[in-house]
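Undergrad: this one's sequence-less:
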Ligand SMILES: [Zn+2]
Ligand SMILES: [Zn+2]
């Protein structure tokens, strides 16, 4: 029967052309306009704390039809995924961190420094929870990250456009329940407590034009999520690897697997239970390694307790959300990307950048730059070939680029 039905079905439609383009069902970044009341969510990391090439750790990008973009968690490896989307970095200046595990903010430095290098011309803005002591809060983590990169930044300041090499922290109370932590341009973002590892973790909701997106960083199933994630269109919640696979694949002891897989994190069965209580328009499970031999167990266990719409997330899964529809596709992206277009005009380093940095970080001005010892080690052997490069650039661009060190003698 089937082989008879096949040709009839094809025959009823227009004949397939051997050489004409056909519509494809994937998302190619920057090839589609976003509707004025449409939200697009892209998974830029869906994995675990243990790194792997196939999946980055937690990161979800939310793009809104009003032009705003928000990043929720910036786990290890996610900056590379973001770079594949080729979005100007000025538009990627708002990062919300749900908790301070490395798999949820391990790529912050790459967005801070790499993002500036790839064209962000304004400070990076970070929102994250406080902790039970100042040392356990987001502001402390970000300040220490800045200090950790003192050598890096001291070497760049004065040489590059330094406008993007600063970071602003907005720390808020992790105990606040459904409190507004961001409100601008019609977008409201709220935070509510989560239960994971130590006090401090939170979940977020984003509301805009009647659409609601909820992002759970890590958590044991909690009452706040069940209450404040209600009426959401897309609900992203962690869903850990099934306990037997934690033993088999992660080489955990059974005791460790049970503790980590059901008490510190949300097990697939518990994820399903949470979703059957919230009843989102569409549920998204992430935070498990999605392999041919582990996905079925996650799915089967979720389906014991939840039968609603569901995505088992992997990197570059895309959800287009409007009032009437949620469309799920995969993005096909480039890996060999360079910097995306700039959103604003490029500038040369500003006078005073170095002095400002020296003041702020306490690095003596006279120790920034090379010492005489290092300067004297520069080889003169390459002078001639490098002079040629300057000459070539001057001729090509019709502008005089004096060779370093020659400027003084020429003006004398
Ligand atoms: Zn965690
Ligand atoms: Zn995690």
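TA: Done, it's in. Keep in mind it's a predicted model, so treat the numbers as computed, not measured. Ligands and ions are numbered 1, 2, ... in the order given.
Undergrad: mind checking the backbone torsions on residue 189?
TA: phi -120, psi 130 (degrees, to the nearest 10).
Undergrad: On the three-state scheme, the closest residue in space to it that isn't next to it in sequence is what?
TA: Distance criterion C-beta to C-beta, 6 or more residues apart in numbering; nearest residue to residue 189, sequence neighbours excluded, is residue 182 at 3.9 Å. Where C-beta positions appear, they are placed from N, C-alpha and C, glycine not excepted. Assigned with DSSP: H, G, I helix; E, B strand; the rest coil, residue 182 falls in the strand class.
Undergrad: Output the below-cut-off pLDDT ranges for the stretch 1-150 of the chain.
TA: Applying pLDDT under 70 to the stretch 1-150 of the chain flags residues 1-13.
Undergrad: try 50 this time
TA: 1-7 (pLDDT under 50).
Undergrad: residues touching the residue in it that ligand 1 sits nearest to, list them.
TA: Closest residue of the stretch 1-150 of the chain to ligand 1, C-beta to the ion: residue 101 (3.5 Å). For residue 101, the contact set (C-beta atoms under 8 Å, 6 or more residues apart in numbering) comprises 49, 197, 218.
Undergrad: Show me which residues of the stretch 51-200 of the chain sit near ligand 2.
TA: Within reach of ligand 2 by C-beta under 5 Å from the ion, the stretch 51-200 of the chain has these residues: residue 103.
Undergrad: the strands in the stretch 51-200 of the chain, which residues?
TA: 59-64, 69-72, 94-96, 124-129, 167-172, 179-184, 187-193 (DSSP state E, counting those that start in this stretch).
Undergrad: Same list, these, but as TSV with distance to residue 315 and mean neighbour count please.
TA: Shown next, in TSV, are the strands of the stretch 51-200 of the chain (distance: least, C-beta to C-beta, whole Å; neighbours: other C-beta atoms under 10 Å):
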stretch	distance to residue 315	mean neighbour count
strand 59-64	9	25
strand 69-72	14	24
strand 94-96	18	23
strand 124-129	22	24
strand 167-172	25	17
strand 179-184	26	14
strand 187-193	24	21
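Undergrad: okay, those strands in JSON lines with distance to ligand 1 next?
TA: Formatted as JSON lines, the strands of the stretch 51-200 of the chain follow (distance: least, C-beta to the ion, whole Å):
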{"stretch": "strand 59-64", "distance to ligand 1": "13"}
{"stretch": "strand 69-72", "distance to ligand 1": "14"}
{"stretch": "strand 94-96", "distance to ligand 1": "15"}
{"stretch": "strand 124-129", "distance to ligand 1": "13"}
{"stretch": "strand 167-172", "distance to ligand 1": "18"}
{"stretch": "strand 179-184", "distance to ligand 1": "20"}
{"stretch": "strand 187-193", "distance to ligand 1": "14"}
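Undergrad: In TSV: the ones you listed, plus distance to residue 346.
TA: Below are those laid out as TSV (distance: least, C-beta to C-beta, whole Å):
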stretch	distance to residue 346
strand 59-64	24
strand 69-72	21
strand 94-96	22
strand 124-129	18
strand 167-172	21
strand 179-184	27
strand 187-193	29
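Undergrad: what does the chain put close to ligand 1?
TA: 101, 218.
Undergrad: before we move on, the earlier item: which one (most neighbours) among the contacts of residue 101?
TA: residue 218 (25 neighbours; other C-beta atoms under 10 Å).
Undergrad: ok, and the closest non-adjacent residue to residue 47?
TA: Per C-beta to C-beta, 6+ apart, closest to residue 47 is residue 55, 3.3 Å.
Undergrad: If you tally nearby residues, what's the number for the one you found?
TA: Residue 55, neighbours per other C-beta under 10 Å, totals 25.
Undergrad: Let me know whether it touches residue 44 as I believe.
TA: No - when contacts are counted by C-beta atoms under 8 Å, residue 55 is not listed as touching residue 44 (10.5 Å).
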